[in-house]
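Peer 1: Mind folding the following:
(chains A and B)
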Amino acid sequence: MTTLTQTFKIPESIKKGSKFSFCPGCDHGVAVRLVAEVLDELGLRENTIAVASIGCSVTLYDFLEVDTIEAPHGRALAEATGVKRARPNKTVFTYQGDGDFASIGMAESLHCALRGENVTAICINNTTYGMTGGQLGPTTLLGQVTTTSPTGRNVEYYGYPIKIAEHVALCDGTAYSARVSLDTVPNIRKAKAAIKKAFEIQNKGLGFSFVEILSTCPTNWKKTPQQAHQRVREEMMPVFVPGVYKDITEKNN
Amino acid sequence: MTECLTKTNKKVLTKGNYAIANAAVIAGCECYFGYPITPQSEIGEFMSGKMQELKRAYVSAESELAAINMVIGACSTGAKAMTSSSSCAVSLMQEALSYAASDQLPVVLVSVMRGGPGLGNIYPSQGDYNQATIGGGNGDYKLIVLAPATVQECVDLTYKAFYLAHKYKNPTVLLADGLLGQMMEPVEFTDYPYPEVDNSSWALTGAKGRPARVIRSYAPSADDQCEFLENLHAKYKLIEENETDWEEFNTEDADIILVSFGSPARNTKSAMKHCRKLGLKVGFLRPITLYPFPSKRIAELAQTAKKFISVEINMGQMIRDIKLAVNGKVPVELINKPVGNPPSVEEIVERIIKESEE
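Peer 2: Numbers count the residues shown, from 1 in each chain, chains lettered A, B, ... in the order given. Coordinates of the predicted model:
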C-alpha cells in the first residue's frame, strides 16, 4: 500500500496561517519564501533579527516568524549596523526595495558595505516605486514609462539607472554581491542558492553580503504575471545582468 | 584626555563634553554612534578611544541620519546606546526620533546646542528648546528632555538620561549648550546610581521559544492607531506625574520670579541673590526637566507672584511654556540674548530694578 506524504511544506520561518498581501504575480512572495527556506535550512530563525524597510517590503514582518524592526525609509542598513554591533552573535539581514536601498538609502547602503558590516542585505529590484503607485525610481530603465516619466525615462531629465550589485561589489568591505532573478524555476533555484550563500558568508563573519533580486511589479507595469516575467527577461536582464559580481570565498574572483 | 577619566569618586577638573562622554561610559553605554559637529566633537573623540579600549561598540557614522538610526537598531535589542550632536545636525535626526518615540525605544541623544537657524554658528545657544520639547518629527510624540546647568549636572543627568530612557522606553535628550560643552568645572564621577531596567519582555533577541517580536510604527488600521496613541499619551502622563524636576529659591514671597534653564540659569540665580541683597523680592526657578515641564508648580506660584521673567539664549522659546502655565494670571516677560554668552548678572539686575521702579 502506498502512503502519500505531503512534501511541499510551509517553512517554519513563515508565520503560521499568514497570507501574502502582495499583488497577484508580484515576486515579493517568492523572495520572502526563499529567505524563509534559507533561514530554516541553516537553522537561523531563532537567532535572527530582521530589519524591514519602507515600501512594499515593509510587510515582511507580517509573514516571517522572525524578530524584526522596521527602519525609516532608506535607513535599514544603518539600523542593521546598530543591531549587529550591539549583538554581534545574531544573524542580521535587511529586506529592501531598490528605492530604499539605492536611492534614499544609498549612503547607508554603500557605507555599510564599505565598513564591511557582517550583515546580509536582500534588495528587490522592480524598476519602480510599487507601493506609491509606480513612480520612477533609481533602477527605472531608459525608456520606461512610469507615472513620473510619462513619456519614458530619458537621460536629459532623469539620468541613468543604477546597477546596484556592481556598485556594491566595488566596496572593499563587500564579501559577496550577486544579482538573481525569479522569472523561471531554474532561476528561482539560483536565487535561493545566492541567498543561502549570503547568509553563510555572514555566519562565517566574512563581511557584507548582498543579493539583488530582479522582480516583477505586474500592477504598476500593467502586465499579466507572464508578461511581467517576460519583461524581466527581455528588458531588465540585458541591463541588469544576473550573476555573481563578487565572492571572496571563490578563488580567482 | 581619554585615559584620565573613569570612576573617580573625587573631584577632577573637566570639560562638559568629556564629562558627558565619561558619564555615558560609566552608565553602561554599550554602543556609541556619531558624526562630528562643533561644539560637541569631544564626545565622539572621547568615545572613539574609550569604547574600543573597553571592547564596546563604536561607529563613525556616515551621517547623523545613519548615526541615530544605528542607535535605534542597537536599542531595539535592549542595549544602552547613544549618539551626540548639535543643532543643525540634530535637525537631521528628527525623523528617526519620531520613529523611536513610536517604537518606544530607549534612545539617548546628547544635543549640545549652537547658534541657528541653518548652519548658524558655534556660539552657545538655546535655540533648540522648541526642537527638543515640541519636536521636529511628525506625529504626536514626546521626548524626555533633561537640561544640565553645570558640568556636574552634565554627569548626573547623563546617568539619568539612560535610566529614564530605559524605564519609560522613550527617547531621551540631554539638552546642553556650547557653553556647558566647552567649559571646565570640577566634577565627581560616582557609580551609576540607578537600577538596571529589565528589557527582556520586549527586546529583539531572536524568536527562540516565543512568538516573533516586531518593533514597528506602520499602522494601517486607524482604530488600532487611536488606541496606540491613547496608550502612548497615558505613558507621557505618567512621566509628567513622576519625573518633573526643577529647583527653586526664594519663590515663596517673591514678586518677580526669574525662570531659566541650562547655562543662563547660573547668571540668573546670581542676579536673584544680588536683588535680594538690594531688598528686592525676587525668586528663581530652574526647570531641570524641560519635558516634562514644571507647569503645575509655575501655575501655583502664579497665585502669589506678580510677574515672571524668562531668561534665555534665544529669541524666547521657553517663555511660551511659562505663559501656558501662568495662563494669563500675571505678565510673563523675557530677558534674552539671541545667541552667544548668556545675559550678564548686571543686565538682569538692572532690568529687575527698572521693572521694580515701574
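Peer 1: I'd like to know how far residue A:83 sits from residue A:201.
Peer 2: Distance of residue A:83 to residue A:201, computed by CB to CB, to the nearest Å: 18 Å. Every residue, glycine included, has its C-beta placed from N, CA and C.
Peer 1: Have a look at these two and say which one is more surrounded.
Peer 2: residue A:83 (32 against 22; other CB atoms under 10 Å in any protein chain shown).
Peer 1: so what's that one up against?
Peer 2: Shown in contact with residue A:83 (CB atoms under 8 Å, 6 or more residues apart in numbering or on different chains): A:49, A:51, A:69, A:90, A:92, A:119, B:73, B:74, B:76, B:77, B:204.
Peer 1: go again using 6 Å as the cut-off
Peer 2: Each residue near residue A:83 by CB atoms under 6 Å, 6 or more residues apart in numbering or on different chains is listed here: A:49, A:92, B:73, B:77.
Peer 1: Spatially nearest residue to residue A:25 (excluding sequence neighbours)?
Peer 2: residue A:225 (2.9 Å; CB to CB, 6 or more residues apart in numbering or on different chains).
Peer 1: ok, that neighbour - how many residues close by?
Peer 2: Counted with other CB under 10 Å, residue A:225 comes out at 14.
Peer 1: before we move on, what about residue A:3?
Peer 2: Residue A:3 has 4 nearby residues by other CB under 10 Å.
Peer 1: In a strand, residue B:189, correct?
Peer 2: No: Residue B:189 is assigned coil when assessed by DSSP: H, G, I helix; E, B strand; the rest coil, not a strand.
Peer 1: Phi first, then psi, for it.
Peer 2: Here is the backbone geometry of residue B:189 (degrees, to the nearest 10): phi -100, psi 100.
Peer 1: And residue B:34, by the same measure?
Peer 2: phi -160, psi 170.
Peer 1: gap between it and residue A:72?
Peer 2: Separation of residue B:34 from residue A:72 (CB to CB): 18 Å.
Peer 1: Just the element for residue B:310, please.
Peer 2: Assigned by DSSP states H and E, residue B:310 belongs to strand B:307-312.
Peer 1: Report the buried residues of the helix or strand harbouring residue B:235.
Peer 2: For residue B:235, the element it lies in under DSSP H and E is helix B:222-243. Within helix B:222-243, the residues that qualify as buried are B:232, B:236, B:239, B:240, B:243, counting by 16 or more other CB atoms under 10 Å in any protein chain shown.
Peer 1: which bits of the stretch 151-253 of chain A sit near chain B?
Peer 2: For the stretch 151-253 of chain A, no residues are found near chain B under the criterion CB under 6 Å from any CB of the partner chain.
Peer 1: how about whichever residue of the stretch 1-150 of chain B sits closest to chain A, what does it touch?
Peer 2: Using CB to the nearest CB, the closest approach of the stretch 1-150 of chain B to chain A is made by residue B:73 at 2.5 Å. Contact partners of residue B:73, counting by CB under 6 Å, 6+ apart, are A:79, A:82, A:83.
Peer 1: Please name the nearest non-neighbouring residue to the second one.
Peer 2: Computed as CB to CB, 6+ apart, the closest residue to residue A:82 that is not its neighbour in sequence is residue B:73, at 2.5 Å.
Peer 1: how about the one you found, secondary structure?
Peer 2: Secondary structure for residue B:73, judged by three-state DSSP, is helix.
Peer 1: and it, how far is that from residue B:259?
Peer 2: 38 Å.
Peer 1: again, but for residue B:341
Peer 2: Distance of residue B:341 to residue B:259, given as CB to CB: 19 Å.
Peer 1: Flag every residue of the stretch 151-300 of chain B that's near chain A.
Peer 2: B:204, B:206, B:207, B:208, B:212, B:213, B:214, B:215, B:216, B:218.
Peer 1: Check the secondary structure at the residue nearest the centre of chain A for me.
Peer 2: Nearest residue to the geometric centre of chain A (CA atoms, centre = their mean): residue A:123, 2.5 Å. Using three-state DSSP, the structure places residue A:123 in strand.
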